[in-house]
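In: A structural model of the following input is requested.
(one chain, ligands or ions: 2)
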Amino acid sequence: MADFETTMGAPSAGGQVVGDWTGPAAAHAQLKKVKKQKVLLMGKSGSGKSSMRSIIFSNYLARDTRRLGATIDIDLSHVKFLGNLTLNLWDCGGQEAFMENYLSQQRAHVFSNVGVLIYVFDIESRDVERDLATYVNIISALVQYSREAKVFVLIHKMDLVQPMTREDVFDHRAALVRRKTAEAVAIVQKQKPEQPPQASLTTTTTPTPTPVANNDLSPNLQLFATSIWDQSLYKAWASIIHDLVPNLSLIETQLASLGLAIDADEILLFERTSFLVVSRWTSAEGERNPYGDRFERMSNILKSWKHTCSKYTGTPRNAEQFSDFEYKMGATFSMFATKFTTNTYILVCMPPGEARFNSAKLNVAAARSWFKFLDGPVVPAQPAAAAVPGAAAGAGSGLGASQMLAGMPAS
Ligand SMILES: Nc1nc2c(ncn2[C@@H]2O[C@H](COP(=O)(O)OP(=O)(O)O)[C@@H](O)[C@H]2O)c(=O)[nH]1
Ligand SMILES: [Mg+2]
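Out: Ligands and ions are numbered 1, 2, ... in the order given. This next block holds a predicted model:
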């Protein structure tokens, strides 16, 4: 990253950012190729798995999910996320017969090469003990075949719990799940490496399970309280995809450079279909914002806005792509969300001021070429020259649009 910072240039004392793209090859050489991730979506039938998948990735409204039919066996979908990440999403029907099958005949097939397991608990379920027992079996199989996998447990349908007791109910359930996870790991740990697993007896082509050593097998576990009726779903899913996104540190570095250059309070980068926050940058001033849930709220608001645009223009929901969303809150703050690269939207929040706002918009447009790598595995061509005067300078020193445009890279 250091190489890239040098080539892009830091804001000078005068607030100008001048990028000389003489040597970004080092940074681009680090760009990762297309990454495929197997993501298992599991939990009892009716717990809400297909609903959340359809809302996040297929532009469903929460109320549309009532019409979803039960998933039969495994519903496999390939979700393209940005230009270089494909999620192979295994939505596993949760009826008991299917679950038993995943744990026996299909064990190696289902649990090998898993990047992420998302396990959904319905908080309304009456048979908690049984749900937990199934969860223990699933975790044991996962640890056996994909011990590096990350586990996200979603305690779902929290809207059905009284708001006053939600936190306590979640904490109690989370503690139970953590304990059960530890128990599942202990079961696998006790197994001797030479003991063949049940499934490897069924076919000669099944992959061998990960050898069980004495070191810690505890999966990397995170828990979230979720509901399809509020923004909590976006918080959980943004965390799930966050670690899967290739070139994350490059994205973060670039966003920070842009944020400093335009003197923003905060920048959010969204994936264009799901509106999940891929990455963000916050200034020291922005860190004082007391609303910790503002990121998932913005995901929710922008996605609803997109649906509203679709409703009133007659455009199909999947095709709708608004280009700009601006909000100027008097003397408090300004923000805009705009289409950025082919696969992303960007949101910039900044102090008020017309000159600052206009300058930031131009500079964000100029910075698009820095982020071309988000659109595909192909290493972008180097712009001949790039000079992006900062909005800080624009706001402070009254730079005119023609001066700024003069410094923009040829796109
Ligand atoms: N109240 C409430 N209902 C939900 C929620 N998520 C899903 N549902 C409903 O639960 C039912 C079953 O959902 P579905 O996604 O088919 O469950 P799956 O079998 O796990 O795939 C549907 O009627 C959904 O509308 C939620 O967060 N809150
Ligand atoms: Mg389903």
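In: ok, which stretches of the stretch 101-250 of the chain are helices?
Out: Secondary structure of the stretch 101-250 of the chain (DSSP state H, counting those that start in this stretch): helices at 107-111, 128-145, 166-190, 232-242, 248-261.
In: try the stretch 251-400 of the chain
Out: Using DSSP H, counting those that start in this stretch, the helices found in the stretch 251-400 of the chain span residues 294-313, 354-367, 391-397.
In: Pick the most buried one from those.
Out: Of those, the one with the most neighbours on average (mean count of other C-beta atoms under 10 Å) is helix 391-397, at a mean of 23. Placement of C-beta: from N, CA and C, glycine included.
In: pLDDT (mean, whole number) over that one?
Out: Throughout helix 391-397, pLDDT has a mean value of 39.
In: Show me which residues of the chain sit near ligand 2.
Out: Counting by C-beta under 5 Å from the ion, the chain comes close to ligand 2 at 50, 71.
In: any low-confidence regions in the chain?
Out: Applying pLDDT under 70 to the chain flags residues 1-34, 192-218, 320, 377-411.
In: interface residues of it facing ligand 1?
Out: For the chain, the residues found near ligand 1 under the criterion C-beta under 6 Å from any ligand atom are 43, 45-51, 65-66, 68, 70-71, 94, 156-157, 159-160, 227-229.
In: Surely Asn343 touches Asp375?
Out: Yes: Asn343 lies in contact with Asp375 (C-beta atoms under 8 Å); the separation is 5.5 Å.
In: Who has more neighbours out of the two?
Out: Higher neighbour count among Asn343 and Asp375: Asn343, with 20 against 17, using other C-beta atoms under 10 Å.
In: nearest residue to that one other than its sequence neighbours?
Out: Leu82 (4.8 Å; C-beta to C-beta, 6 or more residues apart in numbering).
In: nearest to Asp263, of the helices of the stretch 251-400 of the chain?
Out: When those are compared by C-beta to C-beta, helix 391-397 sits nearest Asp263, at 3.6 Å.
In: returning to that earlier point: let's have the helices of the stretch 251-400 of the chain in TSV, adding distance to Met335.
Out: Written out in TSV, the entries for these read as follows (distance: least, C-beta to C-beta, whole Å):
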stretch	distance to Met335
helix 294-313	9
helix 354-367	9
helix 391-397	13
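In: closest one to Leu87 among those?
Out: helix 294-313 (17.1 Å).
In: Residues in contact with that closest one: which ones?
Out: 59, 61, 230-235, 238, 268, 270, 275-277, 280, 291, 315-317, 319-322, 325, 337, 345, 347 (C-beta atoms under 8 Å, 6 or more residues apart in numbering).
In: returning to that earlier point: what do Asn343 and Asp375 both touch?
Out: Taking C-beta under 8 Å, 6+ apart as the contact criterion, the common neighbours of Asn343 and Asp375 are 82-83.
In: Would you mind measuring from the closest residue to ligand 1 within the stretch 301-411 of the chain to ligand 2?
Out: Across the stretch 301-411 of the chain, no residue is closer to ligand 1 than Lys303, which sits at 15.8 Å (C-beta to the nearest ligand atom). Plainly put, Lys303 is 21 Å away from ligand 2 if you go by C-beta to the ion, to the nearest Å.
In: ok, back up a step: right, and the helices of the stretch 251-400 of the chain - which one's nearest Leu176?
Out: Per C-beta to C-beta, nearest to Leu176 of these: helix 294-313, 25.0 Å.
In: give the contact list for Leu255.
Out: Listed by C-beta under 8 Å, 6+ apart, the contact set of Leu255 reads 267, 269, 279-281.
In: can you rerun that using 7 Å?
Out: Residues near Leu255 by C-beta atoms under 7 Å, 6 or more residues apart in numbering: 267, 269, 279, 281.
In: Could you give the number of residues near Leu260?
Out: Applying other C-beta under 10 Å, we find 17 residues neighbouring Leu260.
In: Now do it against ligand 1, distance only.
Out: Distance of Leu260 to ligand 1, computed by C-beta to the nearest ligand atom, to the nearest Å: 39 Å.
In: Can we start the residue count at 46 from this point?
Out: Understood, numbering begins at 46; the last thing we discussed is Leu305.
In: tell me which element the closest residue in space to Thr110 that isn't next to it in sequence is part of?
Out: Distances taken as C-beta to C-beta, 6+ apart place Ser96 nearest to Thr110, at 3.7 Å, with adjacent residues excluded. Element membership for Ser96 (DSSP states H and E) is helix 94-102.
In: Just name whatever secondary elements that helix is in contact with.
Out: Counting by 3 or more C-beta pairs under 7 Å, 6 or more residues apart in numbering; DSSP states H and E, the packing neighbours recorded for helix 94-102 are strand 80-88, strand 130-137, helix 277-287.
In: and if we set it to 6 Å?
Out: Here helix 94-102 touches strand 130-137, going by 3 or more C-beta pairs under 6 Å, 6 or more residues apart in numbering; DSSP states H and E.
In: Of the contacts of Leu300, just say which sits nearest to Leu221.
Out: Nearest to Leu221 among the contacts of Leu300: Ser324, at 33.0 Å, using C-beta to C-beta.
In: What is the burial count for that closest one?
Out: Residues near Ser324, counting by other C-beta under 10 Å, number 22.
In: give the contact list for it.
Out: Ser324 sits next to 296-297, 300, 314 when contact means C-beta atoms under 6 Å, 6 or more residues apart in numbering.
In: and if we set it to 7 Å?
Out: Shown in contact with Ser324 (C-beta under 7 Å, 6+ apart): 293, 296-297, 300, 314.
In: And for Gly139?
Out: Neighbour list for Gly139: 87-90, 92, 94 [criterion: C-beta under 7 Å, 6+ apart].
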